[in-house]
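Trainee: Here is a sequence with its predicted model. Questions after.
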Amino acid sequence: MKSIPAASRSTSKKSGLPGGAWRRIGTTDQRCTEEDLSIFYSGRDNDPYDARILQHATINDLDPDAIEHYRRLRAKVNPTAEELGYDDLELLQALNAIRQEDDVWRPTLTGLLFFGKRLALRRELPSVRVDYIRVAGKEWVPDPDRRYESTIDMRGPLLQLVDRAQATVQDDLPKGFELPEDSAQAITPSLPARALREAIVNALMHRSYRIDRPTQVIRYSNRIEIINAGFSLKNESQLGEPGSQQRNTNIAAIFHETNIAETKGTGIRVMREQMKAAGFTPPTFESDRSADCFNTRFQLHHFLNELDLRWLERFGDIELSEAQRYALIFVRENGAINNPTLRQLTNSGDTLATSSELRKLRSLGFLEKKGAGTATYYVAGSKIPELEETENRSEHGTLEPELGTLASEHGTLESELGTLPENEVALLQEVKALREHLPEALRTSIGQLGERPGEAVREVIVSLCQWRPLKADQIALLLDRNARSLRRDHLSPMVETDRLQLAYPEMERHPNQAYKAPN
C-alpha cells in the first residue's frame, strides 16, 4: 500500500477520521485531512476522485452545446486530434466524463463539471461555483449591510466558467490613464489579463472537489484575493518551479488539452512574470492545511509608484534594500508578512537572507515580530506611519458609518467615542453593527447568560462563532466580559480542545485573528 511522505504519527479513536489521524510535517504534527487519507488508501482504489460516478445524475444532464464548445477549443489546439473524430458518447468515454454502471452510462464528477447543464450543476454540486465579491475598503467587514458593495454568483461548465469569471473581474478592475513622454499613444495600465486568467484556472483545476465550498474572488480596494478549497499538494517553497502535483488528473487533462492551462506546472511562474513585466507587485500565494484552502493575492497598484515612493521618502535617512521596501509596502497594505511571503515577493529562495532582511526592519522599529519558529510573522511596528492617501486608491472612496451612541441590553458604554483612540472607535463600530444583526435566538441567549457558569458561556461562544467568525475583543464586548480573561479561561482552551478554530492557524497572533466554530 502506498503511503504519504512523513506519514501520520498516531490516531485517536475518540476523534475518528480524519481528525484523529496525525502526520509529521517539518517539525510539527498536523491533523490529517481527507486528502491525506485518500493518498493512504490509494492502493485500494486507483481511481482519482474526479472520476467518481455521480449516482443521481444521468447522461441527459450533459449539455450538447458544452460538448461542442470543447470540440472547438480542442480543434484550435490540434485540428487532427484523434478524439475529434469520435461521436459524443465515445468522446465522453475518452475524457473519462462518463462511466458505465449496471449497463447504464452515468456522468463522472469531471463530466458534470465540464459538460453539465446548469440545472444539473445546481442540483448535484450546489456549492461548486465562483463567487465574485466586492468589498469596500481593505478588510472584511462584519456588518452585513457594509460587507459587500456587490456580489455575483457564477456557475456553469468549467470551460465557459473560466471565461465568464475572468470577464467579470477584468471589467471591474480600475484602469488608470497614462501618456508616456515622447509618445502619442495612451495606455491604460491594469492587472495583466493573462495573470488573472491563470489564477482562476489554477483555482478551478487544483481545488478540492471533496469540499462543499465555492471558489471566492474577493475584490478589496487595494487587492484581489482568489480563495479555493484545498491546500496545495506542492510544497510552498516549490511553487513556481516546473512540475505539478495534480489533485484532479482528468480535470487537469481537459484544461491542458484545450490550452486553457499552462503545462508542466508553470502557471504560477507565468503569473509572476506577467505581474513583474507590467510593473505590479508580484503575486503571493498562501497554502493553509488547517483551513484546507489556497489563497492567491494580487495587489492592484503598480509597485513603487509615485504614492509608494512618496511614502518611502519618510525613511530617507535610512538606506533600505529592495526586499525591505517590498516588505514595508506589503505590511502597510495587508497588515502582516512572513518569510515565505517576502521570498515570493522578491523571487528569492534564500530563507536565511530573507530572515536577515526582516530582522533588520524589526531592529529599526519598522516591524514587530509575532509567533515563533515556522509560525513567525511580522506586523507594523511603531515607526511605520499611516499614509493618508492610501485609502484614496479605491475609486469609490471609504465608507464612514455614523458613530452615534452605542447601547445594548447590557447598558450604554460609558466612554465617549470622541475621546477614544481610532482603533477602539473602529472596534465599537464593529460591535454596534454586530449587535444590530444578531439573530434573535443568539440575542436571547446572551441576555440570559448573566453570571452563569463557564460551560454556559462556552456554549454561547460556540453559537456566536457558528454565526460568523469573530475576534476576541468582539466576543468580549458582545458578552460584556473582560477580553484578557475571556481568552485565558475560554477561547484558548476551546481552541486546544477543537471546539473552536483559528481563522489564521499559522499566525496565532495575526492582527485580524478570529475564532470560528468547526463545520
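Mentor: Alright, I've got the coordinates. Since this is a predicted model, take the numbers as computed values, not measurements.
Trainee: gap between the helix or strand containing Ala253 and the chain center?
Mentor: Taking DSSP states H and E as the definition, one finds Ala253 inside helix 249-257. Put simply, helix 249-257 sits 23 Å off its chain's centre (Cα atoms, centre = their mean, to the nearest Å).
Trainee: what sits up against that helix?
Mentor: 48, 50-51, 70, 74, 77, 81, 95-97, 108, 110, 113-114, 158-159, 201, 204-206, 244, 246, 261, 263 (Cβ atoms under 8 Å, 6 or more residues apart in numbering). To be clear about C-beta, it is placed using only N, CA and C from the backbone, and glycine gets the same treatment.
Trainee: Quick one, which of the residues you listed are buried?
Mentor: 48, 50-51, 70, 74, 95-97, 108, 110, 113-114, 158-159, 201, 204-206, 244, 246, 261 (16 or more other Cβ atoms under 10 Å).
Trainee: Next, work out how far apart the residue positioned nearest the centre of the chain and His256 are.
Mentor: Geometric centre of the chain, nearest residue: Ile227, 3.0 Å, by Cα atoms, centre = their mean. Distance of Ile227 to His256, given as Cβ to Cβ, to the nearest Å: 24 Å.
Trainee: same deal with Asp153?
Mentor: Taken as Cβ to Cβ, the span from Asp153 to His256 is 27 Å.
Trainee: now Gln466
Mentor: On the measure of Cβ to Cβ, Gln466 and His256 end up 41 Å apart.
Trainee: How much space separates the nearest residue to Thr351 once chain neighbours are set aside from Arg223?
Mentor: Spatial nearest neighbour of Thr351, chain neighbours left out: Asn339 (6.1 Å); criterion: Cβ to Cβ, 6 or more residues apart in numbering. Relative to Arg223, Asn339 is positioned 20 Å away (Cβ to Cβ).
Trainee: just to revisit the earlier point, next, give phi and psi for the residue nearest to the centre of the chain.
Mentor: phi -120, psi 120 (degrees, to the nearest 10).
Trainee: swap in Thr215?
Mentor: According to degrees, to the nearest 10, Thr215 has phi -80, psi 130.
Trainee: and if you look at the one 3 residues further on?
Mentor: Per-residue torsions, Ile218: phi -110, psi 120 (degrees, to the nearest 10).
Trainee: what's near enough to touch it?
Mentor: Contacts of Ile218 by Cβ under 8 Å, 6+ apart are 133, 135, 140, 224-227.
Trainee: switch the cut-off to 7 Å
Mentor: 133, 135, 225, 227 (Cβ atoms under 7 Å, 6 or more residues apart in numbering).
Trainee: now Phe285
Mentor: Contacts of Phe285 (Cβ under 7 Å, 6+ apart): 239, 268, 295-296, 344.
Trainee: State the distance from Pro48 to Arg210.
Mentor: Taking Cβ to Cβ, one finds Pro48 at 11 Å from Arg210.
Trainee: that older thread, restricted to helices, list the buried ones among the contacts of helix 249-257.
Mentor: 70, 74, 110, 113-114, 158-159, 201, 204-206 (DSSP state H).
Trainee: rewinding a little: can you point out the buried residues in the next helix or strand after the helix holding Ala253?
Mentor: Downstream of helix 249-257, the first helix or strand assigned by DSSP H and E is helix 267-277. For helix 267-277, burial by neighbour count (16+ other Cβ under 10 Å) applies to 267-276.
Trainee: Now render those as JSON lines, adding distance to Gly454.
Mentor: JSON lines is the format used below for these (distance: Cβ to Cβ, whole Å):
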{"residue": "Gly267", "distance to Gly454": "49"}
{"residue": "Ile268", "distance to Gly454": "47"}
{"residue": "Arg269", "distance to Gly454": "52"}
{"residue": "Val270", "distance to Gly454": "53"}
{"residue": "Met271", "distance to Gly454": "48"}
{"residue": "Arg272", "distance to Gly454": "50"}
{"residue": "Glu273", "distance to Gly454": "55"}
{"residue": "Gln274", "distance to Gly454": "54"}
{"residue": "Met275", "distance to Gly454": "50"}
{"residue": "Lys276", "distance to Gly454": "53"}
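Trainee: so which of those residues comes closest to Thr354?
Mentor: Closest approach between those and Thr354, by Cβ to Cβ: Arg272, at 16.3 Å.
Trainee: Low-confidence ranges, the stretch 351-500 of the chain, go.
Mentor: Regions of the stretch 351-500 of the chain meeting the criterion pLDDT under 70 cover residues 385-426, 451-453.
Trainee: Which pLDDT value belongs to the residue nearest to the centre of the chain?
Mentor: Per-residue pLDDT puts Ile227 at 94.
Trainee: looking at it, it is touching Asn295, isn't it?
Mentor: Yes: contact criterion Cβ atoms under 7 Å: Ile227 and Asn295 qualify, at 5.1 Å.
Trainee: how close does Gln474 get to Asn334?
Mentor: Applying Cβ to Cβ to Gln474 and Asn334 gives a distance of 21 Å.
Trainee: Lovely, talk soon.
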